[in-house]
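Visitor: Model the following, please.
(one chain, ligands or ions: 1)
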Amino acid sequence: MTLDVPTLVLMLVVGFGLLTLLLEMAGRGGLQRGELRRLSGAARSFCGGFLCFAVQPWLPAWLTLLAGNLLLMLGLAQLASAVCWHLLNRGLRVWQHWLLAGATLAIPFILDASTPARAGTMSAAMAALLLPATVMALRQGWRGELSFRVVALMLLLANLALVLRVCFAVWWAGGGHLPAGTSTFWSSAIFMLAFMAVLAAGFGFVLAGFERMAAQMRELASVDGLTGAVNHNTAVSLLAHSLERGRRENQPVSFVMLDLDHFKRVNDQHGHVVGDQVLKAVAACTRARLRGSDVLGRLGGEEFGLVLPATGVAGAKHLAEQVRLAVEALELKGDGGQPLRVTLSAGVAQASKSDTPETLMHLADKALYQAKQKGRNRVIVADDWMRNSTLQSVVG
Ligand SMILES: Nc1nc2c(ncn2[C@@H]2O[C@H](COP(=O)(O)OP(=O)(O)OP(=O)(O)O)[C@@H](O)[C@H]2O)c(=O)[nH]1
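Guide: Have a look, this model is predicted:
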């Protein structure tokens, strides 16, 4: 198979056209992220730019070169901006806008220059526009979505190809040439390679957008938006997992149920906004006392649960007591800015070999009930009597 420049140009027109279509569909399908809108703008500009080169035989060369290079330059700036938005949630820096403006204004002046001079200058400007985004994608993007690594590698390849083209142009302008006048072909082919890498980066970007959205959906489905604690279902699943692991590794597992005392009064006296702030503060102060392997779950309104792997009843009681004291010491503010104090009660239970998440939570709930009965603001550990009555109620 032999490849010529018009075929390569046409392939890029079709490729960027498909990317534009894909991004349009993704946008309509709900993937309306800022960076993908910018990427869509970039894909349109690239498609338009290569279309200008494709119609070169039928239009004045100066017009197609001017419009084509302008659109490619604009596309690269939009691509760099999309990378910035994806990684840092911000647009291009002011100096990048100046670079774009300078490169754009320079285009009309280099149209009359020799082919190597024009190719070298344009490629250098394009590489300069793309370089900050490439470095950012390699440094920050590498730690993000796996598909973004494709973007980072393809941007690196595009940058390398553009730099290679600059070197080739310098060598060419200095009198070097390839046999049988193939210099123009190779200069164009390296240019096309750079934009094929940009095209691949574009498709990688779409995948990264989907990957990020899927992660956000997973988080939304498992985490309580107000407190950041995992929700009820997730807490139960994680407790089941910890019980299974505890049995296999012969390690104790404990569960603590925490409930704010007279929380209804807080809401009634200070309103739901203050109530929400209290819940957030209690969750944050509890989380600060947990190990990395512990789990804080929001089981319902003002009720939280702690899943404590590799923790016996003494450790769990100690932790619950620490949380109780820390919550009691929290300096909160009511709706008028007046000091507001809250307390909580806790029920602690250590799992037996045969416990399921339901029986263990039921047991901790019994202990919590007794803590409330005994006057609140205290920690009660489930005893044998509670365990027997729990078993009877579960079996019965
Ligand atoms: N602000 C706020 N309040 C909530 C939320 N979820 C539940 N609540 C409130 O929490 C209160 C729970 O009240 P109760 O179940 O009577 O319990 P309590 O007043 O804490 O009394 P004890 O548990 O017996 O000490 C209710 O007023 C609910 O409206 C929430 O997400 N935000």
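Visitor: Contacts made by the host helix or strand of E244 with the rest, please.
Guide: Assigned by DSSP states H and E, E244 belongs to helix 232-249. Helix 232-249 is contacted from outside by 222-223, 229-230, 251-253, 255, 295, 297-300, 305, 307, 309-310, 351, 353, 355-357, 360-361, using C-beta atoms under 8 Å, 6 or more residues apart in numbering. For glycine as for every other residue, the C-beta is placed from the backbone atoms N, C-alpha and C.
Visitor: Which ones among the residues you listed also lie next to the ligand?
Guide: Among the contacts of helix 232-249, proximity to the ligand is found for none (C-beta under 6 Å from any ligand atom).
Visitor: Now do the contacts for P252.
Guide: Contact analysis of P252 by C-beta under 8 Å, 6+ apart lists 246, 310-313, 350-351.
Visitor: and which of these is nearest L129?
Guide: Ranked by distance to L129 (C-beta to C-beta), those are led by A310 at 53.3 Å.
Visitor: any idea how far that closest one is from the ligand?
Guide: Using C-beta to the nearest ligand atom, to the nearest Å, A310 is found at 30 Å from the ligand.
Visitor: excluding its backbone neighbours, what's nearest the residue in the stretch 151-300 of the chain positioned nearest to the ligand?
Guide: Closest to the ligand within the stretch 151-300 of the chain is G275: 2.5 Å, counting by C-beta to the nearest ligand atom. Distance criterion C-beta to C-beta, 6 or more residues apart in numbering; nearest residue to G275, sequence neighbours excluded, is N267 at 4.2 Å.
Visitor: With V223 instead?
Guide: Residue nearest to V223 in three dimensions, not counting chain neighbours: V230, with 5.8 Å by C-beta to C-beta, 6+ apart.
Visitor: quick one on the thing from earlier: okay, the contacts of P252 in a markdown table with pLDDT, secondary structure and neighbour count next?
Guide: Shown next, in a markdown table, are the contacts of P252 (pLDDT from 0 to 100; DSSP: H, G, I helix; E, B strand; the rest coil; neighbours: other C-beta atoms under 10 Å):
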| residue | pLDDT | secondary structure | neighbour count |
| --- | --- | --- | --- |
| G246 | 95 | helix | 20 |
| A310 | 95 | coil | 16 |
| T311 | 97 | coil | 26 |
| G312 | 96 | coil | 14 |
| V313 | 97 | helix | 16 |
| Q350 | 97 | strand | 24 |
| A351 | 97 | coil | 23 |
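Visitor: Got the confidence number for the residue of the stretch 151-300 of the chain closest to the ligand?
Guide: At G275, the pLDDT value in this model is 97.
Visitor: Thanks again, I'm all set now.
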